[in-house]
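> Give me the fold of what follows.
(one chain, ligands or ions: 1)
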Amino acid sequence: MNEMIITMKNVSKIFETEEMETHALKNIDLTIKAGDYISISGPSGCGKSTLLSILGLLDTPTAGEYFIEGVNVAKLSLDQAAEVRNQKIGFVFQSFNLIDELSVFDNVALPLRYRNEALSNAQIKLLVSECLEKVAMNHRVNHKPNQLSGGQQQRIAMARALVCNPTILLVDEPTGNLDSKSGDKVMDILETLNRNGTTICLVTHDPRYADLAKTKLKLLDGSFLQVPGMRAAI
Ligand SMILES: Nc1ncnc2c1ncn2[C@@H]1O[C@H](COP(=O)(O)OP(=O)(O)OP(=O)(O)O)[C@@H](O)[C@H]1O
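This next block holds a predicted model:
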């Protein structure tokens with residue numbers, strides 16, 4: 001059996017403003033095993049981004065437990081969360097978030113330079129090259145992001161997300177800013193990465209893309225819909 005890498009138990013998130021409380025997530029139970037490819041879909045406002053932010057340690061749950069590889073990460077300090085994020089989480093966002101002033105190489109290398117352990121230039125070069133290979137972008141290593149198409153920029157963002165060899169790749173609407181051909185290419189790359197062992201959690205509005213995942217979860221009003229045979233809540 002594959003190793004369990006993510007376990008959420010009874011996770012809730014309440015946003016409080018002066019006027020109101022919003023229960024963005026309600027008693028979420030979720031497990032993700034090494035090698036899984038999970039999609040989370042649902043209507044606007046159902047809690048997808050909130051769930052992904054908590055999974056990626058960009059936000060903390062109001063209640064509940066969250067373990068990554070057996071370590072309780074629900075209540076880490078900001079510094080501790082940043083370190084776990086760097087080591088274990090790869091993020092791909094809708095808006096690429098590349099740094100325009102840096103070359104493709106330096107964008108992809110950036111997370112490696114923030115690591116506590118110092119890597120040699122030769123090690124960095126090898127890791128960057130391996131990740132650019134995975135997204136078929138080695139031929140653009142010296143380009144700047146604004147010299148690339150949207151689809152190519154997203155592939156560079158994917159290489160950057162992979163460069164620290166994350167435990168899980170969290171992917172938020174990766175095709176939202178792309179035409180359908182570039183979007184399909186990005187989704188092909190995700191499938192290939194998963195076939196080669198990368199664990200993926202994808203958030204998408206697009207049912208066509210959500211269906212590509214091995215496990216398809218649907219959120220509604222902060223809770224998973226229970227579909228027979230689905231492994232949402234365990
Ligand atoms: N910082 C916040 N403060 C208050 N309410 C928030 C905050 N962030 C999200 N919410 C509310 O929590 C709920 C879930 O929001 P979330 O962004 O997770 O939805 P979503 O499914 O990702 O939506 P979309 O598909 O439109 O991006 C919404 O009702 C939203 O208004």
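> so who does the residue most central in space within the chain touch?
Nearest residue to the geometric centre of the chain (Cα atoms, centre = their mean): Leu170, 1.0 Å. For Leu170, the contacting residues are Leu52, Leu55, Gly56, Ile89, Gly90, Phe91, Val92, Cys201, Val203, by Cβ atoms under 8 Å, 6 or more residues apart in numbering. C-betas here are computed from N, CA, C, even on glycine.
> Just the ones of those residues in helices?
Leu52, Leu55 (DSSP state H).
> Among the contacts of Leu170, which ones lie close to the ligand?
Among the contacts of Leu170, proximity to the ligand is found for none (Cβ under 6 Å from any ligand atom).
> Now that we have the contacts of Leu170, can you turn them into a markdown table and tack on pLDDT and neighbour count?
Listed next are the contacts of Leu170 as a markdown table, based on pLDDT from 0 to 100; neighbours: other Cβ atoms under 10 Å:
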| residue | pLDDT | neighbour count |
| --- | --- | --- |
| Leu52 | 95 | 21 |
| Leu55 | 96 | 24 |
| Gly56 | 96 | 19 |
| Ile89 | 96 | 20 |
| Gly90 | 96 | 28 |
| Phe91 | 95 | 22 |
| Val92 | 96 | 24 |
| Cys201 | 97 | 24 |
| Val203 | 95 | 23 |
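> And for the one helix or strand Leu25 maps to, what's in contact with it?
Using DSSP states H and E, Leu25 falls within strand 21-33. Among residues not part of strand 21-33, those counted as contacts by Cβ under 8 Å, 6+ apart are 1-16, 38, 47, 50-51, 54, 61, 64, 168, 199, 201, 217, 221-224, 231-234.
> ok, now stretch 152-163?
So stretch 152-163 is contacted by 90-93, 96-98, 104, 107-112, 127-128, 131-132, 134-137, 140, 145, 148, 169, 174-175, 177-178, 182, 185-186, 189-190, 193, 198 (Cβ under 8 Å, 6+ apart).
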